[in-house]
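Engineer: prediction below, plus the sequence it came from.
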Protein chains: 2
Amino acid sequence: MHRILLVASLCFSGLASAVELAPAPFTADQIATATALREQALRGSGAFAIVESLTTEVGQRMAGSEADARAVRWAEEKFKALGFDRVILQPVTFPVWKRGRESARIVAPAPQSLALTALGWSSATPKGGLRAEVVGFANFDALKAADPVTLLGKIAYVSHAMRKRRNGGDYNHAVGVRVEGAAIAAAKGARALLVRSIGTDSQRFPHTGVALSASQTTKDPEAMKRATKLSDGSYIALTAVPAAALSVPDADQVERLLRLGRPVEIELVIEAALAGEYTSHNVIGEIIGRELPQEIVVIGGHLDSWDLGTGAIDDGAGVAITMAAGAIIAKSAQRPRRTLRVVAFANEEQGVFGGRAYAAANTPAQHVAAAESDFGAGRIYRFDSHVAEAQLPAIRQIVGVLDSLGIESGSNDSGGGPDVSPLHALGVPMFELQQDGTDYFDLHHTANDTLDKIDPAALDQNVAAYAVFAWMSADLEQRFTVPAVRP
Amino acid sequence: MHRILLVASLCFSGLASAVELAPAPFTADQIATATALREQALRGSGAFAIVESLTTEVGQRMAGSEADARAVRWAEEKFKALGFDRVILQPVTFPVWKRGRESARIVAPAPQSLALTALGWSSATPKGGLRAEVVGFANFDALKAADPVTLLGKIAYVSHAMRKRRNGGDYNHAVGVRVEGAAIAAAKGARALLVRSIGTDSQRFPHTGVALSASQTTKDPEAMKRATKLSDGSYIALTAVPAAALSVPDADQVERLLRLGRPVEIELVIEAALAGEYTSHNVIGEIIGRELPQEIVVIGGHLDSWDLGTGAIDDGAGVAITMAAGAIIAKSAQRPRRTLRVVAFANEEQGVFGGRAYAAANTPAQHVAAAESDFGAGRIYRFDSHVAEAQLPAIRQIVGVLDSLGIESGSNDSGGGPDVSPLHALGVPMFELQQDGTDYFDLHHTANDTLDKIDPAALDQNVAAYAVFAWMSADLEQRFTVPAVRP
């Protein structure tokens, strides 16, 4: 009955073709199992309790901070408590950046303090801070085009126009100045870089995030001043000049003062430093496949957060969604053919260290599907994939089960989330369960990223979708593969 | 024609009585002038530019801070620029409380930092801070009822349930613990008081506000330890134990940890101190009445703010609304019979010092009407008064002109806003232009009280209402008086 209904629904939606008339990749029993998992998640997935526990009992868990190890312990215990078969700790080593005290104030023409935070990997100001006149730029392109003579000895301030979008699309453009701005400002003789927070809110929270351009990493020690040698033989440096973000209302304030036409002077204190290397862990919860345990479906989120908030939406939500999806499958009578791994990745925020370590330490060829939840706690609205053309009928069947969750079919050129993108590069089929991120950049990387911002029902919807996708991918008779590379 | 329309409208609204058939207190020409002022304000009152200037060019202006004098200078210059006839600076002396560094962190069972701010007039923690276990109370009554044995040496944390309301009504109840809580916690042996912020948001901004109970002021030096003698011969003391507010998400976090059942320990550092006395000024802009200059209508807001934000809604908005209303009247061809004063009151936040000084330094009997705008930048929805019964027809005519602004008639037992309440006690007729305060306590006394939260169109609606009310009150043939006191 299930199959008949499915074919009917495909006909009505205009997707029917000769392909659908061939035997469907998933059987009616498989569809029924996936549907039951979906409904179970919607009745209460337990994901909110997981993110509540993580944000309350661990709190912030910046990579390399004191809380990093507590978070790893938490994840290990949580996987066990949720009934996973096995928990694997996979070492991930990375350099550590430490935030210190930070403050800024306008000293002229109208003295007042500013809400500001250093960008990750910012260098420190000189002891006692620095004071300089501000030169404003409407956007990153204007900074790039600036005549160095105007910036010598000054603080460069860069604005931008970032709008809310469901897919968060403005971020990719806006974030450029956060990543590369300090190097460019420094090259033009500026003493510091201030940016309008890469965010869509108008609250007095500065947004942090990593400022680490290619110019800060090298294999050539001669080229690098201020660089620290890492155990892998590479070198890494802090930003060439201190770099920090103003909250949006403070950025508005600076822009208004600049428009008044009198010189605007700011005093900036940033204490920040490199603090050696640290070894954290990807924490992997496994549900061992009943027939093909060596073939793996991987889903996950990243366990680390920035230090300002408690990392509820970034990415406690993703960890909780995928853990809860795994837990439902672990407890199900219908274990899938293949192994399901839920990975709580280490240190995504400062350079996808966990995702890269995972790809390096595992055998990509064993992986038949990978997806990461790292875009907050909003509802999923679209299912994207990256599989061989011949496997699209299976994708359509998955979307058929997701349909009642309000999820539509998407593209087949997904690159995956950040921590699975290294697997993408190695030929692993990718999936993206696209979440509504309209409000994501209101909270992203701020002190305001806390548990109260999460809607438990939206989290359940996410879990339902991940459980369906993960179970079906792991139980599909013919494993997913990527499209053949066209010559 | 205007009068005919008015009578018709009163008949339709069911308010008609023998009284309305007598000659109306306001003539058709007066109604026409008031209507023209209203329409002029709606076309662009200039109020937003005033609050933009205040919050940008002065910023925070806590009473007694460096910015206090800058704010006074700003107000003086702004009144002149807006075309007021005369600007009067009236001295206001008060004790000064200074905020220093402040921080808090949970040290057990889950180390993490907390977003917290000292309440105004909090005492300091010992050098290096204090660390103690937290005892939680669901509300202020529970703290009052607590057995002292449970609190000895501990930190008292008090929650509450404050809901959003248009009239902000929950504040009056919720604020009790902020004002009186430290004294009660101290009397029970607690070492500090933490409160859930008196606010309706769920953002990571703690709400400050004054903590100054009757027990901290006295004429009896013997009864007062830690008290400072003021120039008026009275004594004032900081709170008996340090008192601070947690942001709502941080309060949630502490409550969740308390529910886990393990001891919750907090480390608290508050630097705060009394810093002598300061003399600021009420800044009064006058538009001199054409016939009865010695009779006064007073409107205003308070010039001081708390130090965390830039005091846009509290109370830059009130200052701007009333200044702009005055400016429209100042530039009008139809100057009113009586004098209109717009007052930017000094130090409302820490004890209505400006309002009390105004009442003491002026002759209340000369005042025929008083209203303060101190409830944010939301639209006005109701017009309350406190006048003699025989003058209600005039009130109904004023409401008639306000009607198209969406303003309804209200009660006749208004007590006025904070800075005019001392005039109320001395028999001055009171008016309240009630604003929609549904979101007011999202921002009140936080770092997030900044210009971007203000809707210029809503500000224009306020100015329209104040201009109508102020002009009509100042031009009414028979002056307003208060109801006779019933024996």
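Structural biologist: Good, I have the coordinates.
Engineer: is chain B within reach of stretch A:153-165?
Structural biologist: No: applying C-beta under 8 Å from any C-beta of the partner chain, one finds stretch A:153-165 separated from chain B by no less than 14.3 Å. For the C-beta atoms, the positions are set from N, CA and C on the backbone; glycine is no exception.
Engineer: in that stretch, what counts as buried?
Structural biologist: Residues A:154-160, A:162 are the ones in stretch A:153-165 that count as buried (16 or more other C-beta atoms under 10 Å in any protein chain shown).
Engineer: tell me which two in these are the farthest apart.
Structural biologist: Taking C-beta to C-beta as the measure, those span a maximum distance of 24.2 Å, between A:154 and A:162.
Engineer: any idea how many residues pack against residue A:168?
Structural biologist: The local packing count at residue A:168 equals 22, with neighbours defined by other C-beta atoms under 10 Å in any protein chain shown.
Engineer: try residue A:485
Structural biologist: 6.
Engineer: show me what contacts the residue lying closest to residue A:254 once chain neighbours are set aside?
Structural biologist: Counting by C-beta to C-beta, 6 or more residues apart in numbering or on different chains, residue A:254 lies nearest to residue A:157, which is 6.0 Å off, once chain neighbours are set aside. Taking C-beta atoms under 8 Å, 6 or more residues apart in numbering or on different chains as the contact definition, residue A:157 lies against A:134-137, A:194-196, A:246, A:251, A:254, A:258.
Engineer: one more time with 10 Å, if that's ok
Structural biologist: A:134-137, A:143, A:185, A:190, A:192-196, A:246, A:251, A:254-255, A:258, A:264, A:266 (C-beta atoms under 10 Å, 6 or more residues apart in numbering or on different chains).
Engineer: then residue A:316?
Structural biologist: Applying C-beta under 10 Å, 6+ apart as the definition, the contact partners of residue A:316 turn out to be A:47, A:50-55, A:58, A:61, A:71, A:301-303, A:305, A:309-310, A:377, A:449-451, A:454.
Engineer: got the contact list for residue A:195?
Structural biologist: Contacts of residue A:195 (C-beta under 10 Å, 6+ apart): A:116, A:119, A:137, A:140, A:143, A:156-160, A:174-175, A:177-178, A:181-182, A:185, A:206-207, A:209, A:211, A:243-246, A:251.
Engineer: which parts of the stretch 301-450 of chain A are helices?
Structural biologist: Chain-ordered helices for the stretch 301-450 of chain A, with DSSP state H, counting those that start in this stretch as the definition, fall at A:317-331, A:353-361, A:392-402, A:421-425, A:440-443.
Engineer: take the contacts of residue A:316 and keep only those in strands.
Structural biologist: Secondary structure defined by DSSP state E assigns A:301-302 of the contacts of residue A:316 to strands.
Engineer: when you check chain B, which of the contacts of residue A:316 turn up near it?
Structural biologist: Near chain B, taking C-beta under 10 Å from any C-beta of the partner chain as the test, the members of the contacts of residue A:316 found are A:52-53, A:55, A:58, A:61, A:309-310, A:449-451.
Engineer: tabulate these (JSON lines), appending neighbour count.
Structural biologist: Written out in JSON lines, the entries for those read as follows (neighbours: other C-beta atoms under 10 Å in any protein chain shown):
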{"residue": "A:52", "neighbour count": "17"}
{"residue": "A:53", "neighbour count": "19"}
{"residue": "A:55", "neighbour count": "30"}
{"residue": "A:58", "neighbour count": "25"}
{"residue": "A:61", "neighbour count": "30"}
{"residue": "A:309", "neighbour count": "28"}
{"residue": "A:310", "neighbour count": "29"}
{"residue": "A:449", "neighbour count": "31"}
{"residue": "A:450", "neighbour count": "28"}
{"residue": "A:451", "neighbour count": "25"}
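Engineer: nearest to chain B among these?
Structural biologist: residue A:450 (4.1 Å; C-beta to the nearest C-beta).
Engineer: which residues does the closest residue to residue A:337 other than its chain neighbours contact?
Structural biologist: Computed as C-beta to C-beta, 6+ apart, the closest residue to residue A:337 that is not its neighbour in sequence is residue A:291, at 4.2 Å. Taking C-beta under 10 Å, 6+ apart as the definition of contact, the neighbours of residue A:291 are A:335-338, A:474-475, A:477.
Engineer: any idea how far residue A:291 is from chain B?
Structural biologist: Counting by C-beta to the nearest C-beta, to the nearest Å, the separation of residue A:291 from chain B is 41 Å.
Engineer: pull the number of nearby residues for residue A:318.
Structural biologist: Other residues near residue A:318 come to 31 when the count uses other C-beta under 10 Å.
Engineer: quick check: residues of the stretch 51-200 of chain A near chain B?
Structural biologist: The stretch 51-200 of chain A has residues A:52-53, A:55-61, A:66-67, A:70, A:74, A:101, A:105-106, A:109-115 near chain B, with proximity defined as C-beta under 10 Å from any C-beta.
Engineer: give me the ChimeraX select line for those, limited to the buried ones.
Structural biologist: To isolate the buried subset of these in ChimeraX, counting by 16+ other C-beta under 10 Å, use the following:
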select /A:52,53,55,56,57,58,59,60,61,67,70,74,105,106,110,111,112,113,114,115
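Engineer: one step back: take the ones next to chain B among the contacts of residue A:316 and write them to CSV, including pLDDT.
Structural biologist: Formatted as CSV, the entries for the ones next to chain B among the contacts of residue A:316 read as follows, by pLDDT from 0 to 100:
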residue, pLDDT
A:52, 98
A:53, 98
A:55, 98
A:58, 98
A:61, 98
A:309, 98
A:310, 98
A:449, 98
A:450, 98
A:451, 98
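Engineer: low-confidence ranges in the stretch 101-250 of chain A?
Structural biologist: Within the stretch 101-250 of chain A, the ranges that satisfy pLDDT under 70 run A:219-226.
Engineer: picking that back up, for the ones next to chain B among the contacts of residue A:316, which one is nearest residue B:413?
Structural biologist: Proximity of these to residue B:413, judged by C-beta to C-beta, is greatest for residue A:450, which lies at 42.2 Å.
Engineer: which residues touch the closest one?
Structural biologist: Residue A:450 makes contact with A:55-56, A:59, A:309-313, A:316, A:443, B:115, B:202-204, B:247-250, B:252-253 under the criterion C-beta under 10 Å, 6+ apart.
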